[in-house]
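Need the 3D shape of this:
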Amino acid sequence: MNPMLRDAYESTTYVASTPRGRLRVRVGEGHAELDALLEEHHAEQWAYITAWNPGSELLSPLENHERQKELEGELREAGYTFFRGSGVPDSDDWDAEESVLVVGIARSEAVRLGAAYGQNAIVYGRSGGEAELVWCDAEPPQSSADESSANKSAADEVVDVFAMPAELPGDDEFFEVLARGEDVRVERIISHGHTTPDGEWYDQEDGEWVVLLQGEATLLWEDGTTTELGAGEAVFIEAHRRHRVVRTSSEPPCIWLAVHGR
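Here you go, the predicted structure:
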């Protein structure tokens, strides 16, 4: 691999906005705050991935944004917990790139996603270890131990669904996967005044049963009708029923429990 390309990756700070604050990751270094985040999510692995500028070829901001949105949609559909951020180079020769820190993802899957979006490399790590630069075109097969740890079960863990993160999300939402099976996954979502960006619609492959545990929210359906939800109220959203979130309360923040199934 081109030494200059390796140097570019190693001379970048990989930033992510998380409930524990802004994490800053460097290749070859350990990160105690990231380890603590993994522990909170009962995970042992993580990866930092972007869809921007495939093959280090500059694309327009609009093209990059659309690619990143597609990557995030794929991660969300697969049930991964992730936090948005950006890769910030030490040099002014290259602009920062929107990226995501993905919790609980296997190394092989992170490399697959990186390759699918045309990336030269991803940054990967395990709890207690150093951040590692992994090339997407020369990744060895994954061991069964690594694969199983990505699906680590928290079946015996007691989860407080009303617990709030250290920092409330602003324009974004906080996602975490509480449980995942072959045909089902359970997510907890915290919204703090969040709405779906203009022009965007949720269009999910699976049906979703969602209950609002706290707060108030309004859903807008593609046919122009709306559904008002208060604490304790639930709605089932059929697969591919396009919808948007047009209102969520800030005080108190909205806490959602979503069950996706085929």
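
residue boundaries of the strands in the stretch 151-262 of the chain?
For the stretch 151-262 of the chain, applying DSSP state E, counting those that start in this stretch gives strands covering 174-180, 184-191, 207-214, 217-221, 226-229, 233-237, 243-248, 254-261.

mind checking how far S127 is from V134?
17 Å (CB to CB, to the nearest Å). In this view, the C-beta of every residue, glycine as well, is placed from N, C-alpha and C.

and if you look at Q68?
According to CB to CB, Q68 and V134 sit 20 Å apart.

Out of the strands of the stretch 151-262 of the chain, name the one with the poorest average pLDDT.
The stretch with the lowest mean pLDDT among the strands of the stretch 151-262 of the chain is strand 174-180, at a mean of 74.

quick check, distance from that one to the centre of its chain.
The chain centroid and the centroid of strand 174-180 are separated by 10 Å under CA atoms, centre = their mean, to the nearest Å.

Looks like E233 contacts V211 (just checking).
Yes. In this structure E233 lies within contact range of V211 using CB atoms under 8 Å: 7.1 Å.

mind listing the helices for the protein?
Using DSSP state H, the helices of the chain run over 3-10, 32-40, 61-78, 107-116, 144-150.

and W256, which of those is closest to it?
helix 61-78 (13.4 Å; CB to CB).

Residues contacting the closest one, please?
By CB atoms under 8 Å, 6 or more residues apart in numbering, the residues outside helix 61-78 that reach it are 49-54, 59, 82, 84, 97-100, 102, 113, 117, 175, 200, 204-206.

Could you rerun that using 6 Å?
51-52, 82, 98, 117 (CB atoms under 6 Å, 6 or more residues apart in numbering).

Next: stretch 127-135.
With CB under 6 Å, 6+ apart as the criterion, stretch 127-135 contacts 1, 9, 25, 27-30, 35, 38, 44, 121-125.

and if you look at stretch 91-110?
The contact list for stretch 91-110 (CB under 6 Å, 6+ apart) reads 16, 41, 43, 46-50, 52, 68, 80-88, 122, 124, 142, 146-147, 150.

same deal with stretch 183-195?
By CB under 6 Å, 6+ apart, stretch 183-195 touches 79, 161, 168-169, 173-179, 245-246, 248, 250, 253-262.

are any of the residues you listed buried, and which?
For the contacts of stretch 183-195, burial is judged from neighbour counts taken by 16 or more other CB atoms under 10 Å, and it is met by 79, 169, 173-178, 245, 248, 253-260.

Please name the residues that touch L219.
Contact partners of L219, counting by CB under 6 Å, 6+ apart, are 227, 243.
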